[in-house]
Structure formats: structure tokens, C-alpha cells
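Participant: task: produce atomic coordinates for the following.
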Amino acid sequence: FENYDWVASRVDLENLALYYAIQLYINNQDWPHTNMDWWRVRRKEVDANASFGCDGRWRWLLYDTDHGFGMQPETSYDVNAIDRVVNLTPGTKARTQVEGNVVNRLFRSLVLQNNKFRYQFLNVSADLMNTAFLPERAIPLMVCFEQEIAPFREIHNKRWGLDTGFQEDMAHFAQHRPDMHRKHLVEQFGLGTNILVTVNVSDPRSGYIRLNTIDVKACTPGISEEPYPWSGLYFGNVPITLTAVPAAEGTFVQWTIIKGDQERVVSDHSITVVSAGDVAVKATFAKSED
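Facilitator: Here you go, the predicted model:
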């Protein structure tokens, strides 16, 4: 992809990858030909030293997603959203408008022609499916929201002449979408088999691991109260980034990386790991000297 650096200086590509990862996962059929807005802080020039969100680069808003997540037959968990948005397959919904959308043209060019952005998109997709979109997190949230909404549903239905109720199709989508979406991503980009990445720390009190966009600690949505050891599914041969983050009273010592029967030790705070098979990574921390 030509002029990648020029685009990256004007567009928050991390935000664009995250935005598309969410929309494609939920299978929003009323997008990207509509319901797409982007914003930036007006500056004469981009300021790389500005606070987050204020540098003048373009970012995207997520809204109006009710034509997704299994709410209609065309938004079922097994529908290949990538085929419609990336491949522009004839016969898919609003194909001409999707093809003509300027942002979608940018996304397609980046994800099809630039390895760096493609890996970024694939990894944030995997990160979401390993945390926020986990069925064991998403379905209880639906039940919780249902309990809050239920007392007002009768009044709402009478006022608007509706017959709404708890959406079993959405729970079905949440349960089955991750495996199907992974399959679609693997097929689209010719990836290897899914691999299990397991991370651990010597002492959770002395530090934690950041894997791609995930802070592997209890306050992250989808991460348990006792996060280590933690495992997630990723795409084979797609580089993942791990960063050791020491606590105030801790210092980072080393990584231990295990692939099959091979083990190696690395001392860099941040590392990139590429593997065709399952991999285990441990960060060793030590208490700081007083």
C-alpha cells in the first residue's frame, strides 16, 4: 500500500482497525454504506505530542448497530460479513454503495495490500473475541440488561404498538459467532490454523502482561479476577506483541518463550512472537530494591 506513512499521520489506524473489527464481528448489515461518521480535533497540522484524541487525526464513531448481532436473518452468526465488505461479492446488500464509500475503499486497500495494517486488524479482532466478546461475558450482560428493561417493556410496547421481548437470537449469536468469524477471517486471508497463546507471570503483584491491545489483568472486560495463567486463540503465523508492565514495586527480568519442545529466554521489555503452533510465554518480575 503506497503512502502508508502519509495515511497513518492523518488517520488513527489503530482506531480504524478496532472500528472495523467490531462492525464485522457483529455483522452490521446497515453499514458501511450508511451509519458511518468520523471526527477529529481541528488543527492546522497534526500534533503527534497532543493528548489522546486531540492530535488532529481522523477517528470513527460506533452507533446505530441494531441491524446486527443476530437481530434479523441476514445478521445471523454464520453470515460472512467480510465477504460483503471486503470482497464486495455480487448480490450482497448495498454492494454499489459499499464499494463507493470512501472509508471502506481505504480500509479495503489497507487490509488487502498492507501486512502491518492487516496484522493489526486481525489481532484486534482476536483480542476482542478473547475478552469483551467472549460468550461467557456477553450472554450474562444480556441477561442483566433484560432484567433492567423487563419492568418497562409492557408500557413501551403499548405506547409504540410493539411486541418486543428478550432476544434469544442475540444470545445464540453471542454463543456461536466467535468460531464462525474466526473461520471467515482464516479463509479470507489464507491464514494457518488457530493457535493457543498462553501467558503467565512469576508474580501478579509485581507486574502484568499487555498482549496486543489487551491488558491481562482483572479490570479488563472478559478477564477473570485471577487472570494468570491466561489463554486466548490467535491466528497462526500472525505476529503478536507482548509487553511486560512492571508494578510500582516491581522490575522486569526476562521472558521465557516455549514453542513445542523449544525454549528461549529474552530480556527485552516488548517482544514480537510469530508461531505456527501453540505457544506459552512467561514474564518474570522481581521486587524492586528499596
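Participant: what about the strands in the stretch 151-290 of the chain?
Facilitator: 194-201, 207-211, 214-216, 230-235, 240-246, 250-259, 262-266, 270-273, 279-287 (DSSP state E, counting those that start in this stretch).
Participant: for the third one, give the mean pLDDT please.
Facilitator: In other words, strand 214-216. Looking at strand 214-216 alone, the average pLDDT works out to 98.
Participant: packing partners of it?
Facilitator: Under the contact criterion of 3 or more C-beta pairs under 8 Å, 6 or more residues apart in numbering; DSSP states H and E, the helices and strands touching strand 214-216 comprise strand 207-211. In this view, the C-beta of every residue, glycine as well, is placed from N, C-alpha and C.
Participant: partners of the strand it packs on in the sheet?
Facilitator: Under the criterion DSSP bridges, strand 207-211 sits next to strand 214-216 (antiparallel), strand 240-246 (antiparallel) in its sheet.
Participant: show residues contacting the first one.
Facilitator: When you say that, I think you mean strand 214-216. Outside strand 214-216, the residues within contact range by C-beta atoms under 8 Å, 6 or more residues apart in numbering are 127, 130-131, 199, 208-210, 220, 223, 227-228, 230, 232, 245.
Participant: related to what we said a few turns ago, most packed of the strands paired with strand 207-211?
Facilitator: Mean neighbour counts were compared across those using mean count of other C-beta atoms under 10 Å; the top stretch is strand 214-216, at a mean of 21.
Participant: re earlier: can you list the strands of the stretch 151-290 of the chain in a markdown table and add distance to N80?
Facilitator: As requested, the strands of the stretch 151-290 of the chain are exported to a markdown table (distance: least, C-beta to C-beta, whole Å):
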| stretch | distance to N80 |
| --- | --- |
| strand 194-201 | 17 |
| strand 207-211 | 27 |
| strand 214-216 | 26 |
| strand 230-235 | 17 |
| strand 240-246 | 25 |
| strand 250-259 | 32 |
| strand 262-266 | 36 |
| strand 270-273 | 29 |
| strand 279-287 | 28 |
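Participant: which one of the ones you listed lies nearest to H67?
Facilitator: Comparison of the strands of the stretch 151-290 of the chain against H67 by C-beta to C-beta identifies strand 230-235 as nearest, at 27.4 Å.
Participant: on that earlier part again, what's the closest of the strands of the stretch 151-290 of the chain to I82?
Facilitator: So among those, strand 230-235 is nearest, using C-beta to C-beta, at 13.6 Å.
Participant: pull the helix or strand with minimum mean pLDDT from the protein.
Facilitator: Counting by mean pLDDT, DSSP states H and E, the weakest-scoring helix or strand in the chain turns out to be helix 95-100, with a mean of 91.
Participant: and the helix or strand following it, how far from the chain's centre?
Facilitator: The first helix or strand that comes after helix 95-100 along the chain, using DSSP states H and E, is helix 102-113. In terms of C-alpha atoms, centre = their mean, to the nearest Å, the centre of helix 102-113 is found 18 Å from the chain centre.
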